[in-house]
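Asker: using only what follows, build the 3D model:
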Amino acid sequence: MDPRPRIYLDHAATTPVDPDVVSLMLPFLTERFGNPSSVYEIGRDARIALDWARDTAGTLLGCAPQEIIFTSGATESNNLAIKGVAWWHHFNHPGRRRIVVSAIEHHAVLHSAEAMERHGFEVVLAMPDADGIVQPETIRPLITSDTCLVSVMLANNEIGTIQPIREIADIAHAAGAIMHTDAVQAIGALPVLPDELGVDLLSITAHKFYGPKGIGLLYCRAGTPIDWLQHGGGQENTRRAGTENVAGIVGCVAAMQFAIDEMDERTAHSRRLRDRLIEAILERAPNAQLNGHPTLRLPSNANLAFPGVDGPALLLALDMAGIAASSGSACTTGSTEPSHVLTALGIEPERANGSIRLTVGKDTTDHDVDVAVREIVTAVERIQGLAAVRS
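Answerer: Residues are numbered from 1 along each chain as shown. The predicted structure follows:
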């Protein structure tokens, strides 16, 4: 066992499963393990739990339970939304072959759109402004009468910027297009109600809000034109075949309920610590800069640039000091390319390479933040000093 104290500042990548969530999941991994499609008692028990989860998720999102499709997580939900809408139009409305996505989407959206590009669809990127906001007036001319789908995330996973989804959805609908949003980072941090956002499709994954990995959902508004991609049995009302992960689904919805019930408390805690972190680093670290909008951002997110610093070297130094942070999306860790999110903002590669993401959570303390600031400033000064000597 590593004796070093660990300070975890990468909650945007994943979160630990809440012990209360684990307790609710355990019976469906042990004595109540039945297949919810079975007719005997433990199968019926599983079906009751599945129905509870769907009803509860619908209540939390302000939608009909039938509009909830449980998936293996947001990557599958995003793939299903993008490809499903595109394939429906391919077979039923081939005149609409344009997909508009923001340039700062998670790769689960960008790569899904690129996959449809290989089947003759046109993919158009909507660029953000320098603060990381996709402005409605920028995206408006891109959404034309041949657009089948628009996808813009509710809150960015790297820089935390919050997007004007309602305004963008209104533009998309005026052109007859379907609107999708990746809301992965938003549960427990922002109100997430599809009707208020004006979206037709919305993706969620549990492990971002203290639920288990490998489970999520796709909200799909009734009547949305979409082809289902996973065939087999009749699960999820024939929309997503495969025996349901009942324990995961229970954990997902329980964690969602806790996150929404405790949202005010969690966001106030995170915002205070995030601001403490940002202010201290900008004051003490030489030439440090904040990436993304200063206020229209998630309460937990701080993305900071350190000129003259190699980001991977800084992250390694922090890891050796017992601090977990990241350079951006965990799905691209190890890539030598600058963050596509930061470069989309017009940030030069050197600054992008010297940027790290710090995200606090509900159990982060003032002491954690103060230790992290001290170690970050020390590491930045050391790396900048070494760079100056080598030059």
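Asker: in stretch 269-279, what counts as buried?
Answerer: Neighbour counts over stretch 269-279 (16 or more other CB atoms under 10 Å) mark 269-271, 273-274, 276-278 as buried. Bear in mind the C-beta positions are built from the backbone N, C-alpha and C, glycine included.
Asker: check what contacts the helix ranked longest in the chain and list those residues.
Answerer: Assignment by DSSP state H gives helix 366-390 as the longest helix of the chain. By CB atoms under 8 Å, 6 or more residues apart in numbering, the list of residues contacting helix 366-390 from outside reads 7, 9, 273, 276-277, 280-281, 284-286, 288, 306, 308-310, 313-314, 317-318, 321, 323, 325, 358, 360.
Asker: chain center to it, what's the gap?
Answerer: 29 Å (CA atoms, centre = their mean, to the nearest Å).
Asker: going forward, the N-terminal residue is numbered 14.
Answerer: OK, 14 is where the count begins now, so the last one is helix 379-403.
Asker: quick check: buried residues in it?
Answerer: Neighbour-count burial for helix 379-403, counted by 16+ other CB under 10 Å, picks out 381-382, 384-386, 388-390, 392-393, 396-397.
Asker: dump those into TSV; add distance to Ile262 and pLDDT as well.
Answerer: Listed next are the buried residues of helix 379-403 as TSV, based on distance: CB to CB, whole Å; pLDDT from 0 to 100:
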residue	distance to Ile262	pLDDT
Asp381	32	98
Val382	35	98
Val384	38	97
Ala385	35	98
Val386	39	98
Glu388	39	97
Ile389	39	97
Val390	44	97
Ala392	42	96
Val393	43	96
Ile396	45	92
Gln397	48	86
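Asker: could the residues you listed be laid out in JSON lines, adding distance to Leu138?
Answerer: Listed next are the buried residues of helix 379-403 as JSON lines, based on distance: CB to CB, whole Å:
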{"residue": "Asp381", "distance to Leu138": "37"}
{"residue": "Val382", "distance to Leu138": "36"}
{"residue": "Val384", "distance to Leu138": "40"}
{"residue": "Ala385", "distance to Leu138": "34"}
{"residue": "Val386", "distance to Leu138": "36"}
{"residue": "Glu388", "distance to Leu138": "37"}
{"residue": "Ile389", "distance to Leu138": "33"}
{"residue": "Val390", "distance to Leu138": "36"}
{"residue": "Ala392", "distance to Leu138": "35"}
{"residue": "Val393", "distance to Leu138": "33"}
{"residue": "Ile396", "distance to Leu138": "33"}
{"residue": "Gln397", "distance to Leu138": "34"}
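Asker: mind checking how far the residue lying closest to Gly75 once chain neighbours are set aside is from Glu278?
Answerer: Leaving aside its chain neighbours, Gly75 sits nearest to Leu206 (4.4 Å; criterion: CB to CB, 6 or more residues apart in numbering). Per CB to CB, to the nearest Å, Leu206 is found 20 Å from Glu278.
Asker: quick one: which of the two has more around it?
Answerer: Neighbour totals were compared for Leu206 and Glu278, and Leu206 leads with 15 against 10 (other CB atoms under 10 Å).
Asker: is it correct that that one is in contact with Leu167?
Answerer: No. Here Leu206 does not reach Leu167: they are 11.1 Å apart, not a contact under CB atoms under 8 Å.
Asker: what segments of the stretch 214-363 of the chain are strands?
Answerer: 214-218, 229-233, 302-303, 314-318, 336-337 (DSSP state E, counting those that start in this stretch).
Asker: JSON lines please, covering those strands and showing distance to Thr28.
Answerer: Formatted as JSON lines, these follow (distance: least, CB to CB, whole Å):
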{"stretch": "strand 214-218", "distance to Thr28": "11"}
{"stretch": "strand 229-233", "distance to Thr28": "14"}
{"stretch": "strand 302-303", "distance to Thr28": "23"}
{"stretch": "strand 314-318", "distance to Thr28": "14"}
{"stretch": "strand 336-337", "distance to Thr28": "12"}
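Asker: between those, which gets nearest to Ser50?
Answerer: Nearest of the strands of the stretch 214-363 of the chain to Ser50, taken as CB to CB: strand 229-233 at 18.9 Å.
Asker: direction included, what does that closest one pair up with?
Answerer: strand 81-84 (antiparallel), strand 214-218 (antiparallel) (DSSP bridges).
Asker: residues in contact with that strand?
Answerer: Outside of strand 229-233, the residues that reach it under the criterion CB under 8 Å, 6+ apart are 70, 74, 76, 80-87, 89-90, 93-94, 207, 212-219, 239, 252, 265.
Asker: list the contacts for the residue most central in space within the chain?
Answerer: Closest to where the C-alpha atoms of the chain average out (CA atoms, centre = their mean) is Val197, at 3.1 Å. Residues in contact with Val197 (CB under 8 Å, 6+ apart) are 87, 119, 166, 170, 216-218, 221.
Asker: of those residues, keep whichever come out buried.
Answerer: Buried by 16+ other CB under 10 Å: 87, 119, 166, 170, 216-218, 221, out of those.
Asker: which stretches of this protein form helices?
Answerer: 32-38, 54-74, 87-105, 120-130, 149-152, 178-187, 207-210, 259-274, 276-297, 324-333, 353-357, 362-366, 379-403.
Asker: turn those into JSON lines, including distance to Cys161.
Answerer: Output for these, formatted as JSON lines (distance: least, CB to CB, whole Å):
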{"stretch": "helix 32-38", "distance to Cys161": "37"}
{"stretch": "helix 54-74", "distance to Cys161": "24"}
{"stretch": "helix 87-105", "distance to Cys161": "4"}
{"stretch": "helix 120-130", "distance to Cys161": "10"}
{"stretch": "helix 149-152", "distance to Cys161": "15"}
{"stretch": "helix 178-187", "distance to Cys161": "10"}
{"stretch": "helix 207-210", "distance to Cys161": "19"}
{"stretch": "helix 259-274", "distance to Cys161": "29"}
{"stretch": "helix 276-297", "distance to Cys161": "34"}
{"stretch": "helix 324-333", "distance to Cys161": "37"}
{"stretch": "helix 353-357", "distance to Cys161": "23"}
{"stretch": "helix 362-366", "distance to Cys161": "32"}
{"stretch": "helix 379-403", "distance to Cys161": "45"}
